[in-house]
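A.B. asks: got a sequence here, can you model it:
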Amino acid sequence: MRLLRQLSRRKLRTTLTILGITIGIWALVVFSSMANKINALVAGGSEYFGGKVLVTDASNLAVGIGLTPMNIAVADQIRGLDGVAAAAPEVQLIFDPEANAFGGAQTIVGLVAGSDKGHETFELRAAQGRLLTADDEGSRVIVLGSDMARQQKAGVGDAMEMRGEQFEVVGILEPTLTAPDTSVFVPLEAAQLLFHKTLPAAVQDAIPADELISQVVVFPAPATDPADLAALIEERVDNTKTLTGAEFDEQVGSATAIFNAIIIGVAVISLVVGGLSVINTMAMSVAERTREIGIKRAIGGSRGRIIRELVTEAAVIGLIGGLIGLGLGAIVVVLANEAGRDSGTILFDLTPGTAIFAVGFSTILGMLAGVIPAWGAARLDPVEALRYE
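C.D. replies: Next comes the predicted model:
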């Protein structure tokens, strides 16, 4: 209580100092929550691509997703190469071509269940219903990612329309915090028909629907290096390009590193702005309380006690600013996620670690910034301090 009374004696200056820390911590919480989400997506992508090779048409521009038509014969060619344990043909489509950039991340994935021959290590589990099986080929059934199910307000047994066709929902996946959450999984045959309808007439005439795919997921045999296999595929199979897990990490990881650097920049700005504010406030406090400090020193108060008192005051300022900044940041994160939940656009992930770091950072910042004025106060000569007007 005594600490709070000391702070309340300088209401305006203390409030402005807390406000400076609050703004910095608010920005730190919001940006860190966005970085958490992006890092989770990248980590999921790294786990998915690890130990496999994605093969797409050479003209495909997207990273980590095939959107350009290919002939299914490519998968047969790849299976005949040395070092290939399995080659799974897939079709990927943008779920809603009219959606914005974020909605464009939602995809339709057509595949034959079990075509990986047990080599897939990225496990998907059903929270409700079931996963697709090989027996579903020829059927109009789908499995929804967790975010997609929420966005479509669909449950197991519901009918759902995609690109003018009706499908039955047979399963909803557990959250993965990565691409499957915003995907719809359908049997390959149904996806081929949907994909075929989106192509120009000339391409439709050239490639029948049952020969149409957009990518092949290749699983290397044991002891086969994915990079060597990727090079072999590009050499032996015409008009293809490949993506390995290492290449995915390099391409996407560089962008993530830039964003994480921005987070560090925000933290540094918080340190400078908040630290200077605390130093200024505590320096003014020491100047106003010089006689009080002199009295304490004259009656036997140690330098260590003076330092502890002032550093504790500074820590409380940092703690209050951190808690308020965390609260405001959490409000922004929750409101933004709720606003985008119906469309499946979840941009932030505020973790307990981020919250603890933000409050701890602001508190330690206050303590460190308070050390300089506290040390100066502790070194005051008691006699000179008592004479101070």
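A.B. asks: A strand includes residue 128, no?
C.D. replies: Yes - counting by DSSP: H, G, I helix; E, B strand; the rest coil, residue 128 is part of a strand.
A.B. asks: so what pLDDT did it get?
C.D. replies: Residue 128 carries a pLDDT value of 95.
A.B. asks: and the single longest strand found in the chain, which residues are buried?
C.D. replies: Ranked by residue count and defined by DSSP state E, the top strand of the chain is strand 84-94. Neighbour-count burial for strand 84-94, counted by 16 or more other CB atoms under 10 Å, picks out 84-94. C-beta: built from backbone N, CA, C; applies to glycine.
A.B. asks: what sits opposite residue 212 in the beta ladder?
C.D. replies: Per DSSP bridges, residues listed as beta-bridge partners of residue 212: residue 71.
A.B. asks: I figured it was touching residue 196, is that so?
C.D. replies: Yes - Residue 212 sits in contact with residue 196 when judged by CB atoms under 8 Å, with a separation of 5.6 Å.
A.B. asks: ok, those two, which is more surrounded?
C.D. replies: Set residue 212 next to residue 196 and count neighbours by other CB atoms under 10 Å: residue 212 wins out with 24 against 18.
A.B. asks: tell me how far that one lies from residue 55.
C.D. replies: 15 Å (CB to CB, to the nearest Å).
A.B. asks: other SSEs contacting the helix or strand hosting residue 55?
C.D. replies: Assessed by DSSP states H and E, residue 55 sits inside strand 53-57. The helices and strands touching strand 53-57, judged by 3 or more CB pairs under 8 Å, 6 or more residues apart in numbering; DSSP states H and E, are strand 215-220, helix 226-236, strand 240-244.
A.B. asks: mean neighbour count, the ones you listed: which tops it?
C.D. replies: The highest average neighbour count among the helices and strands packed on strand 53-57, using mean count of other CB atoms under 10 Å, belongs to strand 215-220 at a mean of 24.
A.B. asks: and that strand, how far from the chain's centre?
C.D. replies: Distance, stretch centre to chain centre, for strand 215-220: 26 Å (CA atoms, centre = their mean, to the nearest Å).
A.B. asks: what's the average pLDDT for it?
C.D. replies: Averaging pLDDT along strand 215-220 gives 94.
A.B. asks: now do stretch 349-369
C.D. replies: 88.
A.B. asks: with just CA atoms, put that stretch into CSV.
C.D. replies: Taking Å, rounded to 0.1, in the frame of the first residue of the first chain, the C-alpha atoms of stretch 349-369 are listed here in CSV:
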residue,chain,number,x,y,z
ASP,A,349,-2.5,-17.3,-31.2
LEU,A,350,-1.9,-15.8,-27.8
THR,A,351,-0.1,-18.5,-25.8
PRO,A,352,0.5,-18.6,-22.0
GLY,A,353,4.2,-18.3,-22.8
THR,A,354,3.6,-15.0,-24.7
ALA,A,355,1.5,-13.6,-21.9
ILE,A,356,4.0,-14.5,-19.2
PHE,A,357,6.9,-13.1,-21.3
ALA,A,358,5.1,-9.8,-21.9
VAL,A,359,4.4,-9.2,-18.2
GLY,A,360,7.8,-10.5,-17.1
PHE,A,361,9.5,-8.3,-19.8
SER,A,362,7.7,-5.1,-18.6
THR,A,363,8.4,-5.8,-15.0
ILE,A,364,12.1,-6.5,-15.5
LEU,A,365,12.2,-3.5,-17.8
GLY,A,366,10.9,-1.3,-15.0
MET,A,367,13.4,-2.8,-12.5
LEU,A,368,16.4,-2.2,-14.8
ALA,A,369,15.3,1.3,-15.7
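A.B. asks: would you mark the buried spots in it?
C.D. replies: Buried, per 16+ other CB under 10 Å, within stretch 349-369: 349-350, 354-355, 357-359, 361-363, 365-369.
A.B. asks: tell me the contacts of the nearest residue to residue 173 once chain neighbours are set aside?
C.D. replies: Closest residue to residue 173 apart from its sequence neighbours, by CB to CB, 6 or more residues apart in numbering: residue 145 at 5.2 Å. Contacts for residue 145 (CB atoms under 8 Å, 6 or more residues apart in numbering) come out as 172-173, 176, 180-185.
A.B. asks: ChimeraX command for the buried members of those?
C.D. replies: Those of the contacts of residue 145 that count as buried under 16+ other CB under 10 Å are selected in ChimeraX with:
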select :172,173,176,180,181,182,183,184,185
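A.B. asks: so which of the contacts of residue 145 sits lowest on pLDDT?
C.D. replies: Of all those, residue 176 carries the smallest pLDDT score, 82.
A.B. asks: residues contacting that residue?
C.D. replies: 44, 124, 145-146.
A.B. asks: sec struct for it, please.
C.D. replies: coil.
A.B. asks: so for residue 23, what's the pLDDT?
C.D. replies: So residue 23 comes in at 84 (pLDDT).
A.B. asks: tell me the buried residues in the helix or strand where it lies?
C.D. replies: Assessed by DSSP H and E, residue 23 sits inside helix 11-49. Within helix 11-49, the residues that count as buried by 16+ other CB under 10 Å are 13-14, 17-18, 20-39, 41-42, 44-46, 48-49.
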